[in-house]
Each structure stands twice: as structure tokens, then as C-alpha cells.
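**Student:** Predicted coordinates and the sequence they were generated for:
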Protein chains: 4
Amino acid sequence: MNFLSDNAYGCWPEIADAVTAAAAGPVPSYGADALTAQIATHFERIFARCTIAFPVISGTAANALALATLCPPHGAVFCHAEAHIAVDECGAPEFFTHGAKLIGIEGEHGKLTPAALATALAHQIKGFVHHAQPAVLSLTQSTELGTVYTPDEIAALSRLAHNHGMKVHMDGARFANAVAHLGVSPAAATWQAGVDVLSFGATKNGAMAAEAVVFFDPAAAGDFEYRRKKSGHLISKMRFVSAQLDAYLTEDRWLTRAAGANRLATRLAEGLEGINGVELAHPVDANAVFVWLPDALAAHLRRGGAEFYDWGPPSGGRTLIRLVTSFATPPEDVERFVALARASQ
Amino acid sequence: MNFLSDNAYGCWPEIADAVTAAAAGPVPSYGADALTAQIATHFERIFARCTIAFPVISGTAANALALATLCPPHGAVFCHAEAHIAVDECGAPEFFTHGAKLIGIEGEHGKLTPAALATALAHQIKGFVHHAQPAVLSLTQSTELGTVYTPDEIAALSRLAHNHGMKVHMDGARFANAVAHLGVSPAAATWQAGVDVLSFGATKNGAMAAEAVVFFDPAAAGDFEYRRKKSGHLISKMRFVSAQLDAYLTEDRWLTRAAGANRLATRLAEGLEGINGVELAHPVDANAVFVWLPDALAAHLRRGGAEFYDWGPPSGGRTLIRLVTSFATPPEDVERFVALARASQ
Amino acid sequence: MNFLSDNAYGCWPEIADAVTAAAAGPVPSYGADALTAQIATHFERIFARCTIAFPVISGTAANALALATLCPPHGAVFCHAEAHIAVDECGAPEFFTHGAKLIGIEGEHGKLTPAALATALAHQIKGFVHHAQPAVLSLTQSTELGTVYTPDEIAALSRLAHNHGMKVHMDGARFANAVAHLGVSPAAATWQAGVDVLSFGATKNGAMAAEAVVFFDPAAAGDFEYRRKKSGHLISKMRFVSAQLDAYLTEDRWLTRAAGANRLATRLAEGLEGINGVELAHPVDANAVFVWLPDALAAHLRRGGAEFYDWGPPSGGRTLIRLVTSFATPPEDVERFVALARASQ
Amino acid sequence: MNFLSDNAYGCWPEIADAVTAAAAGPVPSYGADALTAQIATHFERIFARCTIAFPVISGTAANALALATLCPPHGAVFCHAEAHIAVDECGAPEFFTHGAKLIGIEGEHGKLTPAALATALAHQIKGFVHHAQPAVLSLTQSTELGTVYTPDEIAALSRLAHNHGMKVHMDGARFANAVAHLGVSPAAATWQAGVDVLSFGATKNGAMAAEAVVFFDPAAAGDFEYRRKKSGHLISKMRFVSAQLDAYLTEDRWLTRAAGANRLATRLAEGLEGINGVELAHPVDANAVFVWLPDALAAHLRRGGAEFYDWGPPSGGRTLIRLVTSFATPPEDVERFVALARASQ
């Protein structure tokens, strides 16, 4: 019963097959191959728009390279105080941007609001040489707390950002889970709501190591290629990353499997409801459940074989824990977990 | 007949199989899995020594991370003027080291000599605050021009470097080809000759995207882990990189296949010998042939289906070209190439 | 009536004289001159300890160079959320440290508490590769809000920092004002309370452009010299910076003049007390007064010739303003300001 | 007899006076004062053109900030192999540009030629992602070896650079000496010959610590202001830097005093001519003499009280030495030096 993270699971069989199939014969290196060319076609279909997309092998690289392309060294990136880029990347955005400043903003359930963004902007004055200059708004979708912005929420934030001359980045490490939850088109969830650049995640939802940085305005890609090379992220045998993305983006598998993970999370949340002392901390929109458990219950579940992370220290006899489901989480693990929890009553 | 680069070829079937086999089930992420632990065992056997090794996914990342661990921002890295780190990484070492200076030194056949290194050191004064401070000697093995340093040559250069308080890095993107050529133990070719850190390449010789940074003194690894994370090179599903290295390092396949590539290069060189106007530019130690071809012959070969790079502009009716062989180059391609060349006489 | 900042005023006559006197004749450049050597003697006397001190020409340079010496690129610097290094240096610490992260912590009256620091440390986990690693605690003395830490407060914070393996930096742009207020020895206010490195400010209190970075443990200075050179802060004619510091540090002028500025601030605060709608926001320990003024009163004062900054937007008919006094603020300006304010009643 | 460097001398009396005169009263800080505004007027007159100029306090800062404004992190700066930016700034250009690459090119007497530049450009391919991208040509005027480019030489190099999409930077730490030698207008020596940005030096020729970065196209200044702030080079009491430049630029003193220094160098060269074993290494255009001295003669001169630097190790019984003259070098020191040398015959 592994609910530690969606990256604890391996990859789709279709992706292993695609990688194996890509192994034969010589092809041009560094992304000049046919499989890599194919990725553009996929994204054009998925986003109903001509984009430029760059495969990379980690979400941290995707985010940091995207931000560095949008933000000068003296710029500021506004994001949620608990955003992955702010908390869990050991300063990768600062490294790639050569020292830009991340401004963390508080917000309920992992989501920013226009009001909070406006307040932060009022303290970071445009043209005042002593202040890091507002350059990027970065939103995580789905958020670090398992919630999902609606297109309207994104649009309102993007409007404010654009009005301040900023660009909008979306950290979509779990973009598939968000779109599956929203039931809208990927276009509606991104560029139609004002997103300029998307870190499109595939790894957590079933690739081995494959993400793409998608610029909705190809001209905005600027010197991305040089930054990717200079950071060691231009893979010589690119075919092996592109093969993963090609399999991932074929048909709607990326959405149906994310929907499956979401359903398991919902089932977990529903299954835990009503247990004495158990309290959901955030709406379960995507594939993560944040829930307060009595410490005795948490210990009981771990003794029963469940693995999950505490999300902070114990507090008053209970602890906030995180449960993450994935494309490969066995549904029976979910049922066992729920049964184990209910049996403890 | 693709002789463009060894990275134009795919991967070993054993590596595709290993990656597929690694796909099932949940395992700890970020390198805490059993396959990654296994890599240490392989390297201990291969180098007859306890080392610390970090998997990464590109040679540029391996080199740049290794150099950044060894060299402060105000340091200088001495290398051959045509070294990959100096010429072909778009400034990755400068990026990762936060601005260290690469001092390119000329040397015949892609190799540095102690005399040339000593001269360079005389111009980069230790303790003089206006000069970047000597910190690292980086050697490429096999070199960018297809030659191989002997252990004695390495030892002489390392001694000089160590005497100046510098560390020795080896860019081993084609380390397998070098060791296969030398016929000595990997230990004799590295730490026994004074090498402190090795970029151990696997990609060019048959992995998809897998290299390892090997510190022969584990204590010297310092903050490597943070640098790897911060640069987006800590892969969440590390098992898929480690599976490649595990298959690569099992038995002696990595050496026998490199030896095969070397033999094809030697065969190319021998086959071209004696053709009118053809002249070898460098000894063919490893898997690359640098040869002057009359321009008419080069054109003839390309018309016949051969692919290879010019290594500089035409000069006096002839051009220096590079031919690279790999673990997967069909021997019949080599024979066809030679036959085509000889038929032009 | 200029209360905008202490840097709006020029320099002491003794400092202009010292600079003029230093102009004659050839002397060794880059700090090998006798005047620069003299600075060490001054600091040894003042801090009752052998230190190593580096002259620089701006407070931002002093802070950023000090932090870069103490903090690796993957490190975290803890400071008050309104600290100058966090808010008003356009990301200089991030630039000099090559991307370290500043963790801003809230605290009343511009001061950190051990409890708040402990909470922040609990979220920045030592040895967890995804987190920027705790490296430095930076305290501002006097603070950005005109208050002063007591030696006991500093000692408690330093102890906590040292227990977490961190170093303690003090931004002493207004160190003279703080020491003058405390009435303790400079040693008691710094290294005896656990401070490892001090940005010793002279500019705001009467130099032209002169600060010093003082390491209380000379061994901790590490590669400071190279960082200073590499950032363009090693002045060739260093005598002109050292001459300023020499005059500044001669006798107790630096403290008596800071005490004078403090007295003017206290007089301002006392003079404004009791005026309808006027409310002090923070204790007036040093040379700055933060006070809420009714908007009509602020406008009245400005019409009367007073210059000062708003410290945030108007709120409910009143605005928080900042008044700064200096070594050269005419006492009659203070009296005129108070009289003008009282006359508005 | 100090011929070590022009920065071994102090400052003009007019500059000490100007700094003293600037000390009184409150003025706006950070360059919003009247003296700083005055600098623009001076440069407009001197260069017969509207420019934008930023005062800084060191030549290294001027060069590194200028280059960082012109060159992206993945860019390449072409310069002479012995250029100050390449050899004597401890990697400052790499730090400020965030890792750009300096390509050192050999050239007789410290000067680049279009042919050598063209060869270097042929190896640094535009649009090839593995290569640092050509971005800036940097020329030193007068050069590190005491020679001076003619306007025609500059124009030919600039044309080539511009044709390759590069910008042209001039390191004018000794710009005054060059213009005094050429006898042309400052405009003819810079923008009329294709120079885009000039590091205008004043320190070596008589200021305390004052240089200016002059952009001939104000639009090209880009985000210079933020880079200056972020690197700690925005001085709060800017009046004291601007006062130096104001005095320096008043009338033609900056040229007449540089001409004086040049004359002393010429006199040194002439005085040494014909002495047995003495050989001039480079034409003496500006204020530096590079001359081979028999080792016995060099020792004799030092015993007699002369100070100068060796410019490399002894070679065959003689050593290349450098003699630098300045605005304040006593003419009698020159005569004594010559007499001492001739007396040794």
C-alpha cells in the first residue's frame, strides 16, 4: 500500500515498449529525429494551437528552464508559499535564473487569489531599482495540496499578471490530473486562460523520465535551447525521451489514466469520511488526499503495511498526512487501506 | 553508413530489457531504490576500490557537475584547447561552476603534455587575487581526436596537477573505448594514475541516457547531491537510469562492445591507407578516425550514402573528416565504406 | 527638513580631510598600503580581538559578499521578512551566493525571535536534498524599523543558529546607532553574543562610501578576497576607502555622532507624542522614527518643507511614515518639524 | 621612482577639492542628485552625441557590467588573449554574465586583427547549440601592451563584429592616454568607428575611484541599472563619485594630463634607446613602456630605487619589464631612471 508519491510507481507498458522500439538503427541525435518531430504534432492537436515544446527529463528542469527563459536575473517570480518551485527544488529556479527571487504568497488550499497577488505586487515596485522586478506568475496545476484551479480562477490571476507586464507559467507536473478533474480542454485550462508557458508533466502519470516545456507563443521560447544545452538537459539520444512522450500523448491515455488516479483518491477520501477524528484538510480534486489522522490511527495503518508521508509535525494528538494515488496504484490497495482504517474504529 | 557519431545509434537490447523489467511495482524514488544501490557494487568491483558514484543522464551534466564540485567560482580548469568541456558544451562548466574559467591548452593529437601544462600554470598565479585560481586539470579519455592517454601519461600530468594543489577530472564519455584500447584495468587507467573524479560514460557505448560521476575518494563528493538536485538532474524514477547502468556494467559487455567499436575504427583506418591523397591525422587508438580526404573523394563517399562530419573547413583541395564507429555500427557498413573509397581510385 | 534617509547627508569634514590628505604620492595599490593596514589596528582595539576586515564601498556589497562567503549556492539564509537583504538589494545576496534562498521570517518591530526562527528551521530540513540547506542567520542591527536587539536577544538567536550548524551574520549598516543606543562595548554587541561576521557600516553615519566586512574568526574569511575581486569591489586606489575608515574609527567619533543622530530621533518622537491622531509604530531605539500620521498632518508637514518617506499605502485616513536622522541633521530642523506638527493641532 | 602602475598614484587636487565641496548638505541619494545629472552634459559635449552613462567605482565593475548587459549567459566575448578582462579580473566577466565564455585571440603588440577575429569566429558557430554564441567583441584602448588602435583599425574590427551580429565594447581604462596619442576626437575614436559601449576610465588618470560605462545608444543600456544595483555598485552617496567625474571632465584636463603621462613614457623609451642589450618590445603609443632589459641592468635599476614589474620570467639573461607613467609621475624620476640606466653602461 504505497501512497508516498505518484513517482514511486514505474511506467506504462506502452512506454516501455515505445522505448524498446526506438532502440534500433541510427537516427539524428540531439532531437533532430523523427520521433521528436512527432511531439510537436501531438501538442498541436492537444492544445488546438501551434506551440513549441522542448522535451526534458525532470520536472525541476522543466520548471527552472521555463522560469529562466521568462525571468531576468533581477526579476521576481510570484508563486504560492508552498509551491514546489519555492520549497522542493533546492533552489533550482534561483540557479537557472541566476538569482531571481521567488516571492511566496499564502493562500488557502494551495491556491493563490488575485487579492493576495495584488498585495504582493504592491510591495514589489516596478521600476524601483532596489526591488527585484515582477516578471513571472507561476501557478501549480494541480496544486501541491491536491486542489485544482478552475479556468476562471486562472484567467483572473493571469489577467492581473499580464496587466503588470508579467508572464504566466504553469507547473503542470500533475497537469493530467488537473485536466481530468476539470473536464475541459487542455486549451481551456491553459492558453485560453492566459497561461504563457506550461511545464507539461508525464513522469508522475506514467513516463520514465519525460516532461515537456510548452511555449504557447513560439516566439517566447527565446534562448531556451541554449539554456537547455548549457544545463546538461539536451539529451544526445533524444529519441528515448521523445518515444516516451509519443506513447504518452497517443490517444487519450494520459487523461484516462490520470482520471483513474483521481478516482482512487476520491475513493480514499470517501472511505475515510466519518471515521472518528479523521478530517479532510483540503478538497480532493486530483490524486492526492490531505487528511488529519489521529496518531494512533496513523500508526495502526503503518503497522498494517501502508506507506505515506506526514505533512508536518504531530499537533494535538493528530497529524496531517498525504496520500497520493497514481496510474498504477492497485485499486485493492485503496480498499485495503480504507478497510484497515475503518476496522480501527 | 552512419559515421556521424556514436550517439547516432540506439541502445543495447539488454538495456532496453532492463528498463522494461524495472517498470513494475512501487520502489523508493530519487535513488533510494535497490537498483541504484546495486551500482555501487558494480563500481567497487570494476575499480577495485570503494567509490561513490552518482547516476546522471548526460555527459555534459556529468562533466559540469563534477567540475563544479571540484572548482570554486573563482577557480580555473585546465584542459586541452579542443576539449568537449571547452568547446562543445555551450558553457555548461561555466554555468555549473558559477563562472570558473577554462584555460585551453594546445597539444598534439588532442593530448596535453606536462610541459604545456607547466607553461599554462606559470601564467595563472596561485594566490594572486587578480587571477582565476588553478583548481582542476581535466583530461578527456579517449580524447576528442580519437587518441588515448597511457597510464604513465596520465600519472605524469596528475602529479603535476596535484603538486599545484589541483584535482584531476577525467571526461570519460568514451572511457570504455580507452580502457579497451589500453588493455589495463580501469583502476590503472584512473585512480592509480592520479585521477580524482571520473565522468564515466555509458550513453555513447550503448545506454539510452546514463552516465555516472565517480568519486574515487568518497569524501571529495562534497555537496554533489545538492548540485545535482539544484540543476534538475536528480531523477525521481531513478530506477530507470540505474537499470541502464546495471545492465551496462554486468559482466564485461561494456568493454567487449567498446573493443568492437575500436576494431571497426582500426579497420576503417587500415582500409583507407594507401589511397591517393588520403592521410590519417591522428593515431586511431579508440573508435574515431580523423583523416584528410581529397574533396572529390569525400563527395563521392557521401553520394554513395556515407554520413560523416567535416572537422574544419576545406584546405587546399582536401578536408579533415571524422568517422566514428559504435557498438552497433554494422561491420558491413565499414566494408562498404572502404570499398567505396578504394573504388574511387 | 530632510528626513528621507541618513544617506541623504554628505560626509564628516574629518573624512573629506583624510581623503584629501591621502591623495599625495605613490603607494602600493589594491590594499597593500599603510592606511589599509591601519584599519586592522582600529578594529582590534574596537572589538578587543584580532579580526580580519575588508573595506568595501557599499552596504549591499558588504552584505552580499559576507553572505556568499558563509552560504553555499544551495544554502538558505534566514532573516527578517523586511530585512534590507531580502527586500531592498534587488537580489544581490542571490547574485553573490549564486542562487541561495532567503527565508523571510515575520517578527514584531523588525526583530526575529528564537521561536519564529525555530519554526522556520522546522520547514527547512537539514540533509533533505530537496530543501535549500540552512546556512546563515542574518540579523540587522539596528533593524529596518529603528529598533535594536539587546546582546541577550542576539545571543539567544545565535545559539539556536549555531546549534543548527549555521553561521551568524549581522547587517550593521547602522551598527553605530545600535551600539550608541545599547551603551555596551562593540564586542558585547557582536562576537561575545555569537555574531560570526559583521557588515560594519560607516557610510550612513558619515563616510562617503566605506564599509567593512569584519570576520571575527579570521579563518572564516575563506575566499572572500577572490569574491571581492571577482565582483569588481577590490578598489585599486584602496587608500581612499581606507582613509575614510581611518578617520571614521579614530577616537569615538563614530559613536558620539551616532548618539547625536539617535537623540534627534528620540526628540522627534517625543515632540510628536500627544498630537491628535499621531501614533508611534515602533520603539525609537536608534535614528529612525516610524509613526502613523493623519494624512492631513503629513500633507501639512510636506507643504511646510519636510521631506520623508511613506512606509506603505494610506490606510483609514492615516499613513505610516519614516523619519530618519543623521550625524548632520540640523537640530533646528527637528525643532521646526515638531513645531510645525504641533501648530497643526 | 615608482613605475609599477598608474594606479599607484593618488588623485588630482581638483578632484580632492571637488569631493570636499560635495560633502555639504542633503541631496537625493542613489544618483538622483545634480552632480550626477551634470555628468550626462559632460559626455554629450565630449562625444558630440547624446549618450547614457553610469558612474561606477572600478574598471573591473565597468567592464563586467558592460559585458553582462551585452552578452547572454550562453554568449561568447572575443578579446585579445592578454586582455585585462581575460587575464586580470579573476573571472569578473564570467561572474557578471553568469558564465559567458571569453575567447582569447593572439595578436601582435596586444592588438587584434580582422583576420584573427575571422578565424576565431569560424570556430564559434552561430546557431549551433553546442557552441557559446558570438555576442561581443571587446577591445582594449590603449591596449595592455601600451599600444593604441587607430580609428581605422577599430572600424575594420567593428564592421566584422557587427556583420556577425555582435556588439563592440571598448575597455577604456586608459582611454584618455589613447585619445591623447591619437589626436582625434573622442567620437572618432569610439562610436564613429563602431564602438557600442565604452568603459570610460578616470581612476588611472587621476580620479580616486571613478569610471563610467557609456552607452552610445541609450536604448542598448537595457537593464544595466538593475545589474549595477544587484552587484552592489549603486552607491548611495553617488555625489562623491560624480564629483570626481565632474572635476575630471571639466575642460580638457583629462586629455592634457594623459598627454603628459604619454610624454614621460616616450621620454623613457627614448632615453633607454641605444643602451647595450636594451630592446623595446612594443611601440610606445601611450603611457607604458615594455622593454627587454639585461638582468644585471634591471637589478642595478632596482638597487637605485626604481620600482617596476617583470612581465614574465627571465629568458636568456634578460627580462621583459613594464614601466608605467601617470599624471603624477615626477618628470625628474624619469630623468633619474634614464640617467641610472645609461650610467650602467
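**Tutor:** In hand now; what should we look at?
**Student:** Does residue A:28 belong to a helix, a strand or coil?
**Tutor:** Three-state assignment for residue A:28 (DSSP: H, G, I helix; E, B strand; the rest coil): coil.
**Student:** List the residues that contact it.
**Tutor:** Residues in contact with residue A:28, defined by CB atoms under 8 Å, 6 or more residues apart in numbering or on different chains, are B:4, B:8. Yep, even glycine has a C-beta here, placed from its N, CA and C like the rest.
**Student:** Which pLDDT does the model give it?
**Tutor:** You'll see residue A:28 listed with a pLDDT of 97.
**Student:** Return the distance of it relative to residue A:35.
**Tutor:** 10 Å (CB to CB, to the nearest Å).
**Student:** Then residue A:239?
**Tutor:** 5 Å.
**Student:** Which strands or helices does the helix ranked longest in chain A pack on?
**Tutor:** In chain A, taking DSSP state H as the definition, the longest helix is helix A:253-272. Packed against helix A:253-272 by the contact rule (3 or more CB pairs under 8 Å, 6 or more residues apart in numbering or on different chains; DSSP states H and E) you find helix A:175-182, strand A:288-294, strand A:318-324, helix A:331-343.
**Student:** So which bits of that helix are buried?
**Tutor:** Neighbour-count burial for helix A:253-272 flags A:253-255, A:257-262, A:264-269, A:271-272 (criterion: 16 or more other CB atoms under 10 Å in any protein chain shown).
**Student:** next one: the helix or strand that that helix is followed by to chain centre, how far?
**Tutor:** Tracing the chain C-terminally past helix A:253-272 and defining elements by DSSP states H and E, one meets strand A:279-280 next. Centroid separation for strand A:279-280 versus its chain: 23 Å, with CA atoms, centre = their mean, to the nearest Å.
**Student:** Now do strand A:279-280, average pLDDT.
**Tutor:** 97.
**Student:** I'd like to know which elements it is packed against.
**Tutor:** Partner elements for strand A:279-280 (3+ CB pairs under 8 Å, 6+ apart): strand A:288-294.
**Student:** Direction included, what does the strand it packs on pair up with?
**Tutor:** If you go by DSSP bridges, strand A:288-294 pairs up with strand A:279-280 (antiparallel), strand A:318-324 (antiparallel).
**Student:** closest one to residue A:180 among these?
**Tutor:** Minimum separation from residue A:180 across the strands paired with strand A:288-294 (CB to CB) falls at strand A:318-324, 14.9 Å.
**Student:** Buried ones in the closest one, by neighbour count?
**Tutor:** For strand A:318-324, by 16+ other CB under 10 Å, it's A:318, A:319, A:320, A:321, A:322, A:323, A:324.
**Student:** which residues sit in contact with the closest residue to chain D within the stretch 51-200 of chain A?
**Tutor:** Proximity of the stretch 51-200 of chain A to chain D (CB to the nearest CB) peaks at residue A:74, 3.8 Å away. Residue A:74 is in contact with A:99, A:100, A:132, A:133, C:90, C:91, D:223, D:226, D:227, D:229, D:230, counting by CB under 8 Å, 6+ apart.
**Student:** Just give me the closest of the buried residues of strand A:318-324 to chain B.
**Tutor:** Minimum distance to chain B across those is 10.8 Å, recorded for residue A:324 (CB to the nearest CB).
**Student:** Against residue A:98, how distant is that closest one?
**Tutor:** As judged by CB to CB, residue A:324 and residue A:98 stand 33 Å apart.
**Student:** Residue A:140 now?
**Tutor:** Distance from residue A:140 to residue A:98, by CB to CB: 23 Å.
**Student:** Give me the more crowded residue out of these two.
**Tutor:** Neighbours were counted for residue A:140 and for residue A:98 using other CB atoms under 10 Å in any protein chain shown; residue A:140 has more, 29 against 25.
**Student:** How many neighbouring residues does the residue of the stretch 201-345 of chain A found nearest chain B have?
**Tutor:** Nearest to chain B in the stretch 201-345 of chain A, going by CB to the nearest CB, is residue A:232, at a distance of 3.1 Å. Neighbour count of residue A:232, defined by other CB under 10 Å: 28.
**Student:** what does the stretch 51-200 of chain A have sitting close to chain C?
**Tutor:** Contacts of the stretch 51-200 of chain A with chain C, taken as CB under 8 Å from any CB of the partner chain, map to A:73-74, A:87-91, A:94-95, A:97-102, A:122-123, A:129-132.
**Student:** and these, which are buried?
**Tutor:** Buried members of these, counted by 16+ other CB under 10 Å: A:73-74, A:87-91, A:94-95, A:97-102, A:129-132.
**Student:** hang on, isn't residue A:294 packed against residue A:272?
**Tutor:** No: counting by CB atoms under 8 Å, residue A:272 is not a contact partner of residue A:294; they are 11.6 Å apart.
**Student:** tell me, what's touching these two both at once?
**Tutor:** Joint contacts of residue A:294 and residue A:272 (CB under 8 Å, 6+ apart) are residue A:278.
**Student:** Show the contacting residues for residue A:177.
**Tutor:** Residue A:177 neighbours (CB under 8 Å, 6+ apart): A:142, A:148, A:205, A:258, A:261, A:262, A:286, A:287.
**Student:** CA-only coordinates of the host helix or strand of residue A:137 in CSV, if you can.
**Tutor:** When elements are assigned from DSSP H and E, residue A:137 belongs to strand A:133-140. The C-alpha trace of strand A:133-140 is given here as CSV (Å, rounded to 0.1, in the frame of the first residue of the first chain):
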residue,chain,number,x,y,z
GLN,A,133,11.3,43.3,-10.7
PRO,A,134,8.0,41.4,-11.2
ALA,A,135,8.4,39.1,-14.1
VAL,A,136,6.5,35.8,-13.7
LEU,A,137,3.5,34.4,-12.0
SER,A,138,3.8,30.7,-11.5
LEU,A,139,0.8,28.5,-10.8
THR,A,140,0.8,24.8,-9.9
